[in-house]
Structures are given as structure tokens and as C-alpha cells.
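In: Need a 3D model of the sequence below.
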Amino acid sequence: MKNDRWLPLAIVCVVCGTGDAAGQAVPRTVLAKPDASFPEAFSNVAGLRELADGRVLLSDRLEQTVSLLTLASGDIAQVGRQGQGPGEYAMPGPLFPFAGDSTLMVDFGAMRALLIAGDQVGRTIPLSTGDGLPLILRGVDGRGRLYGSMPTISRGAAPDASSDSTPISRIDPTTGTVDTAAWLTRGTGGTAVAMRASGGAQIRLGRLQPYAGDDGWAVAPDGRIALVRAADYHVEWISPDGRRVAGPPLAFTPVKIGKAEKEEWADQMGGAVMIMRTNQGSRTMRPPRPNIDEQDWPETKPPFVGNGLRVSPEGNLWIQVSQPAAAKTERWDVVDARGQRIRQVVLPEGRRLVGLGNGTLYTVRRDTDDLEWLERYRR
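Out: Numbers count the residues shown, from 1 in each chain. As a prediction, the model looks like this:
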């Protein structure tokens with residue numbers, strides 16, 4: 001692979017690397033030192049996109065800003081501004097590569113997407129279907145098609161939480177057509193979370209279930225969908241023409257759930273940032289921290305972190321591996337188009353992966369004041 005050579009800023013160990021399902025060792029890269037760091041701190045990095053010229057777009061959820069960064073010089077310029085009008089955003093979220101070198105940004109505050117070209121905010125793309133259901137955007141392909149999930153509507157006093165599968169919806173903004181790109185298997189258990197709409201309809205938003213064991217997914221630039229099956233930890237790729245390539249089960253060490261893992265989950269739930277929309281606009285809020293004694297706990301964590309899936313520009317899938325609560329480093333499996341694990345990457349202590357570029361990897365380091373500092377590594 002292009003980026004699997006030895007690098008001076010990383011330590012690669014083939015002999016001690018993790019094994020795949022066939023028992024073969026794969027290289028393990030332990031990142032050691034960043035090749036660049038940005039001199040200003042951020043509050044909560046929600047999205048990052050590396051542009052073709054090496055500059056970086058970054059969205060900050062708490063500061064409600066989008067910035068264009070030049071790491072070499074330390075320059076920073078604000079992109080757009082907060083508001084509800086043209087070129088404005090209410091709550092900047094994830095950033096996705098779009099046509100050319102443009103970027104699609106999710107505006108959670110207005111439930112829409114904004115197109116960014118360079119340092120200019122352009123047209124708006126609605127994140128909804130023809131019947132008005134919102135799309136929770138999770139990916140964009142090179143043709144500009146949007147991928148995500150939509151709430152499930154049911155009639156009656158409560159939503160149906162028993163379904164063991166959920167669809168990945170795909171929207172073509174140019175035609176408005178919506179189809180189901182793939183199906184995911186859901187873990188069992190949990191309490192349905194819902195809201196009541198007009199006319200007595202119930203909109204199912206999700207469920208509260210610690211370490212649920214749902215399948216994961218991500219979208220590649222060429223439109224392939226990577227499904228990560230939680231039951232036996234294998235990767236299945238679905239091509240735009242419907243062809244499927246399933247890899248072998250990937251070896252992993254199950255993480256038993258003890259008190260530390262329960263507290264870890266509760267801390268993550270209590271520390272989440274939610275957006276509340278009102279007639280006066282949108283505002284952020286943090287949900288109450290769940291009581292660990294009131295939850296239904298599985299014996300072990302799923303093999304991977306549910307939201308820890310990314311596709312690199314060259315088309316490999318990066319999967320964040322589940323670890324004990326005491327672990328101080330993130331560990332990522334790299335899986336190719338055959339579903340084979342080809343590499344494992346270990347981040348420096350206390351770093352969180354926020355983006356992948358062309359031969360680069362971006363992390364943030366959180367300090368004792370809860371500020372986040374951006375770093376770039378060669379991978």
C-alpha cells in the first residue's frame with residue numbers, strides 16, 4: 001500500500017503486530033511524534049477536512065465556528081458566520097468531501113447541509129426526504145449522494161423497538177430520489193427513545209442501550225459502503241452495482257464490562273452535546289448522566305466503537321477497536337477492499353482521531369482545561 005512504508009515519525013512492528021482471522025501477523029504502527037501542530041486551541045472539534053492544497057477546514061461544535069487553517073504558518077481564517085441567513089450556520093457539525101475540492105458541512109442547528117468552496121459558504125442542501133423526514137447524515141460519495149439514517153414513524157402509543165434491522169438511506173440531491181443502500185443488524189435490548197408528532201404518529205429516534213453491538217458502516221468516495229458486522233467482526237463491502245465482498249472474521253480480544261467500563265459509558269452519555277431547536281433558534285444542552293445501576297449491561301463490549309469508522313481517501317476502512325476503560329491510547333484496524341485487515345495503528349497517549357487526509361492523520365489532544373489541540377501525523 002502507498003502509505004504502509006516505514007516512516008520516521010512512527011514505529012512499525014511486524015512481528016508483534018495483531019493477527020487476522022487466519023493467524024497471520026499484520027504491521028502495527030505506533031505513532032510517535034506529530035509533523036505539525038496548530039498553535040491555537042479549540043473547544044470541541046466536530047469535523048475536519050484536509051483540502052487538496054494541504055489546508056484544513058475545521059468545525060468547532062461548542063464555539064459554533066468553521067475555520068480554515070494553515071498548519072505550516074499557523075494562520076486561521078473564519079469561514080462564514082453564525083446565523084440563519086445565506087453563508088451562515090446555526091450549529092456546525094461534520095465535514096464531508098464533496099465534488100471537486102468542495103466540502104459539505106452538516107448544520108445541526110438548522111438540519112441542513114451547506115456547501116463550502118475554499119473559504120466561501122455557498123448553497124444549501126436540505127437534509128430531508130420528500131415527506132419531510134430528516135436525514136441524519138453519515139456519509140457522502142464522489143457523486144454527491146447523501147447517506148444516513150432516518151427516524152422510523154409508527155402509529156400508536158409507542159414506537160416499535162423490537163426490529164432487529166435498520167436501513168441506510170441514500171438520497172440523490174439532484175433528483176430527490178431516495179433508496180435503501182443497505183441494511184444493518186441491530187443489537188438486542190434497550191429502551192426506545194421517541195417523540196410524538198402531529199396526528200398521533202410516533203417518531204423513533206433511537207434507543208438507549210449500553211454497548212449495544214449494532215453493525216457499523218461508512219461510505220467510500222467511490223460509493224462503496226463498508227458494513228462492519230458486530231456479531232463476528234467482519235467487514236462486508238457493497239459496491240454501487242450491488243456486488244458484495246465479504247472478508248473473514250477478524251480476530252479480537254473481547255473486553256469484559258466491569259464498573260470502570262460502565263462509568264466510562266455513562267460519562268460519554270452525560271458529556272454528549274445535544275442541539276435543542278426552538279422558535280427562538282437553536283441552543284446546545286447536555287443530557288443528564290445515566291445511572292449505571294438502571295441499565296441492562298452485556299458481558300462484553302462490541303469488537304469496535306460504534307461511531308469509530310472512517311474511510312481514508314485511498315479507500316481503506318479504519319475501525320476503532322474497543323479497549324478497556326483504563327486504556328490511554330486509541331487503536332485502529334485498517335481494512336482493505338477485500339475485507340482483510342492489513343495494518344493496525346496506535347495513536348499517541350491521550351489523542352483522539354478527528355480526520356484522515358492524503359497520507360496524513362489528524363488528532364486532537366485535550367488538556368486539563370478541556371481545550372483541544374490539533375496535531376497532524378504522517379501515516
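
In: which regions of the protein lie under the pLDDT threshold?
Out: 1-24, 129-132, 151-163, 188-207, 272-286 (pLDDT under 70).

In: which residues in it form helices?
Out: Ranges of helices in the chain, per DSSP state H, are 259-270.

In: any idea which residue sits dead centre in it?
Out: Geometric centre of the chain, nearest residue: N307, 4.8 Å, by Cα atoms, centre = their mean.

In: And that residue, how close does it get to T174?
Out: Distance of N307 to T174, computed by Cβ to Cβ, to the nearest Å: 29 Å. (C-beta placed from N, C-alpha, C; glycine too.)

In: re the thing from before, dump the residue contacts of the residue nearest to the centre of the chain.
Out: G216 (Cβ atoms under 8 Å, 6 or more residues apart in numbering).

In: next one: P240
Out: Residues in contact with P240, defined by Cβ under 8 Å, 6+ apart, are D222, G223, R224.

In: Now with 6 Å, please.
Out: G223 (Cβ atoms under 6 Å, 6 or more residues apart in numbering).

In: same deal with F304?
Out: F304 neighbours (Cβ under 6 Å, 6+ apart): I319, V321, S322.

In: Would you mind giving these as JSON lines with neighbour count added?
Out: Output for the contacts of F304, formatted as JSON lines (neighbours: other Cβ atoms under 10 Å):
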{"residue": "I319", "neighbour count": "25"}
{"residue": "V321", "neighbour count": "23"}
{"residue": "S322", "neighbour count": "22"}
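
In: quick one: which of those sit in strands?
Out: Residues of the contacts of F304 located in strands (DSSP state E): I319, V321.

In: Now render the contacts of F304 as CSV, adding distance to I257.
Out: Converted to CSV, the contacts of F304 look like this (distance: Cβ to Cβ, whole Å):
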residue, distance to I257
I319, 20
V321, 16
S322, 10
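
In: List just the nearest of the contacts of F304 to L57.
Out: Using Cβ to Cβ, the shortest approach to L57 within these belongs to I319, at 24.2 Å.

In: Surely that closest one is in contact with V334?
Out: No. I319 is beyond contact range of V334, at 7.9 Å (criterion: Cβ atoms under 6 Å).

In: Return the distance of V245 relative to A226.
Out: Counting by Cβ to Cβ - V245 and A226 are separated by 10 Å.

In: shared neighbours, these two?
Out: Counting by Cβ under 6 Å, 6+ apart, the residues touching both V245 and A226 are W237.

In: Just give me the neighbour total for I171.
Out: Residues lying near I171 (other Cβ atoms under 10 Å) number 25.

In: which residues in the stretch 151-300 of the chain form strands?
Out: For the stretch 151-300 of the chain, applying DSSP state E, counting those that start in this stretch gives strands covering 152-155, 165-171, 178-185, 191-196, 201-208, 216-219, 225-229, 234-238, 244-246, 274-278, 281-285.

In: Phi and psi next, for the closest residue to M91 other than its chain neighbours.
Out: Once flanking residues are discounted, M91 sits nearest to G109: 3.2 Å by Cβ to Cβ, 6 or more residues apart in numbering. Main-chain dihedrals, G109, degrees, to the nearest 10: phi -70, psi -30.

In: L137 is in contact with V106, correct?
Out: Yes. Using Cβ under 6 Å, V106 is in contact with L137, at 5.2 Å.
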